[in-house]
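Asks: Have a look at this prediction, sequence included:
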Amino acid sequence: MKMANSAFILLFLVFNSCLITYAQWVTHHNAVFQPNIPKPSVGVAITDPKFGTTLTRLSNARKSNYAGIVPQYSKRQAWNVDESLMLLFTGDGRTLLYEGETYQFIKEINGVGGEDVFWHPTNPEIIIYAQDNALYSYNLKTEASTQIRSFDDYTFINTRGEGNLSRDGRYYAFVGQVYDTETHFRDIVVYDIVADSIISKLALPPTLTDFDWVSISPLGNYVVVDYATENTGRFEGVEVYDKKLNFIWQKPLGAGHSDIGIDEDGNEILVFHFYDSESNCYIIKKFRLSDGKETSLLELSWQFDLHISCQNEARSGWCFISTFDDESRLTDDSLSWLPFEDEVFALKLDGSGEVQRIAHHHSRRFSSTTPDRDHSVYWAEPHATISRKGERILFGSNWREKVEEDSSVDTYIVDFRSWVGVKDEDHQFLKEICLEQNYPNPFNPKTKISYSLAIPAKVQLTVCNMFGQQVALLDEGLKPAGNFSVDFNADNLPSGIYYYRLQCGNRQETRQMILIK
């Protein structure tokens, strides 16, 4: 019996040792050929044979009669603030609501759509969206849309599909457009949602024709505009302004893919990729928004394009890349396979070139039967977008099957929350802040809110109502590492749902509480 137990323990240790060894990130820069494996059924988890991660198919667009089901864009956050719900979109613009943990389809949200659709940053049941020349909020419980403000000087207001709200939900930078027989880009506008006021406006040249996107930065300090040209001079290339739209810097970067995030030092940054003719390759660079300082991150082949996601609010210091073959590469094989081709991976923002390679996406937009942009399915580009906590990533894929049909494109997810390195300090997934559920909850009129810090940090603990308006400041200032509790008295507030948020630099956590009188 003792020998049997010993053998069992030995087998257990060997087995777990193998698991730990296997669950290590692939971090080299060599080519890793994408094998041909069967397309998984919905809800069935498979193991990526090259990277060891677990990949699950979430949708069946063809069965649902949808023109593809995909994340909206790599620069947009699919999960709400507590990651309990998730938004996906069809190729023809319908908005679909999914459960954020089990990934079960809930419903199609009628009337909510357009180029700008955002989750509310503190209320997990509110969606903010722009439609025509107005900004709206949509309540998932009541299914009611409420106009936040209309901007009557314009026909359309939006970021052109690639911008975001500031992470506190206060600021929205958009381009005001006037349409007669064609679109005219009139003004860049910065709008304060909480104060309901336009805080700055920049008139654009009447002859301007090239305009890609505009966005406020995550912390609301800067406005970035991509005019999509490779020229120098004002209103060309990429320009960065402060919140009051005072010009800071310009670079002739063209129309590459990009995202705005926060680096390991807490700087707001632009991650941008562009073609470099001297090296005949694509270069991914980081640009510090405060002064334009450049850091080269990675060089990739000119034969494929890529998308960038910096939506990992709790994992600063990394961005997430999804590459895909472009029109110059209609066929491939194991002998010609290139490093990072058709792949999803994490890239560190410090210039070290460190990567964590996540999965192959098995999607192809351009092929011998879909050779160009006019004869291919745009949503077949993976558009991988990372979760707020930086532990799960979504992407669209047609699995290289029936690539001519938009209904071939479905959403897949890779969940690496349990992987080695996901929670340790070396890989910057350290849980530096922890916000506890208030007690009691529901409450009347007093409750206690507790939080902990793993390292010293400057904190701000606030309470907001359902519209994102701050109603109380409970705590702020530089705190040492440790545990803290704050009493909250809501004697002067009406019954309802409230949200309390702990902000530490670029990290934040939000929870819901209920006041019943």
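Replies: Perfect, thanks for sending it. Just so you know, these numbers come straight off a predicted model, no measurement behind them.
Asks: Contacts made by the helix or strand harbouring Phe345 with the rest, please.
Replies: Phe345 is part of strand 343-348, with elements assigned from DSSP states H and E. By CB atoms under 8 Å, 6 or more residues apart in numbering, the surrounding residues in contact with strand 343-348 are 32, 34, 264, 284, 297-298, 317-323, 354-361, 382, 384, 393, 395, 414. In short, each C-beta sits where N, CA and C put it, glycine included.
Asks: ok, now with 7 Å
Replies: 284, 297-298, 317-323, 354-361, 382, 384, 393, 395, 414 (CB atoms under 7 Å, 6 or more residues apart in numbering).
Asks: same thing with stretch 124-136?
Replies: The contact list for stretch 124-136 (CB under 7 Å, 6+ apart) reads 80-82, 84-85, 112, 114, 116-120, 137-141, 145-152, 154-158, 165, 172.
Asks: right, and the helix or strand after the strand holding Phe345?
Replies: Next along from strand 343-348, by DSSP H and E: strand 355-360.
Asks: which secondary structure elements does that next one contact?
Replies: strand 343-348 (3 or more CB pairs under 7 Å, 6 or more residues apart in numbering; DSSP states H and E).
Asks: Strand 355-360 and the strand it packs on, what's the angle between them?
Replies: 160 degrees (axes from the mean of the first three to the mean of the last three CA atoms, to 10 degrees).
Asks: With just CA atoms, put strand 343-348 into PDB.
Replies: In PDB, the C-alpha atoms belonging to strand 343-348 read as follows (Å, rounded to 0.1, in the frame of the first residue of the first chain):
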ATOM      1  CA  GLU A 343      -0.500  35.000 -35.000                       C
ATOM      2  CA  VAL A 344      -1.800  36.700 -31.800                       C
ATOM      3  CA  PHE A 345       0.900  37.600 -29.300                       C
ATOM      4  CA  ALA A 346       1.800  40.100 -26.500                       C
ATOM      5  CA  LEU A 347       4.600  42.500 -27.000                       C
ATOM      6  CA  LYS A 348       6.300  44.400 -24.100                       C
END
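Asks: So that it lines up with my notes, have the first residue be 36 from now on.
Replies: Sure, I'll start numbering at 36, so the last one becomes strand 378-383.
Asks: neighbouring strands for it, and are they parallel or not?
Replies: strand 353-360 (antiparallel), strand 390-395 (antiparallel) (DSSP bridges).
Asks: Distance from the chain centre to the strand holding Phe380, please.
Replies: Here strand 378-383 is found 14 Å from its chain centre; the criterion is CA atoms, centre = their mean, to the nearest Å.
Asks: now it: mean pLDDT?
Replies: Computed over strand 378-383, the mean pLDDT rounds to 97.
Asks: what bits of the stretch 136-285 of the chain have low per-residue confidence?
Replies: Judged against pLDDT under 70, the stretch 136-285 of the chain has no low-scoring part.
Asks: make it 90
Replies: Low-confidence segments of the stretch 136-285 of the chain (pLDDT under 90): 156-157, 203, 215-218, 244-245.
Asks: the strands in it, which residues?
Replies: 140-143, 151-154, 161-166, 169-174, 179-185, 191-193, 206-214, 218-227, 232-238, 248-251, 257-261, 273-277, 282-286 (DSSP state E, counting those that start in this stretch).
Asks: packing partners for the shortest one?
Replies: Think strand 191-193. The helices and strands touching strand 191-193, judged by 3+ CB pairs under 7 Å, 6+ apart, are strand 206-214.
Asks: Quickly run through the sheet partners of the strand it packs on, with directions.
Replies: Its sheet considered, strand 206-214 pairs with strand 191-193 (antiparallel), strand 218-227 (antiparallel) by DSSP bridges.
Asks: Among those, show me which one is buried the most.
Replies: strand 191-193 (a mean of 24; mean count of other CB atoms under 10 Å).
Asks: Only the buried members of the contacts of strand 378-383: can you turn that into a ChimeraX selection?
Replies: The ChimeraX command for the buried members of the contacts of strand 378-383 (criterion: 16 or more other CB atoms under 10 Å) is given here:
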select :319,332,333,352,353,354,355,356,357,358,389,390,391,392,393,394,395,396,417,419,428,430,449
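Asks: Specify the residue ranges that define each domain of this structure.
Replies: 80-461, 466-550 (automatic domain parsing).
Asks: for those, which one ends up most surrounded?
Replies: domain 80-461 (a mean of 19).
Asks: Give me the distance from that domain to the chain's centre.
Replies: Distance, centroid of domain 80-461 to centroid of chain: 6 Å (CA atoms, centre = their mean).
Asks: As TSV, the strands paired with strand 206-214 with distance to Leu93 would be great.
Replies: Output for the strands paired with strand 206-214, formatted as TSV (distance: least, CB to CB, whole Å):
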stretch	distance to Leu93
strand 191-193	27
strand 218-227	34
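Asks: Tell me which of those lies nearest to Tyr138.
Replies: strand 191-193 (28.5 Å; CB to CB).
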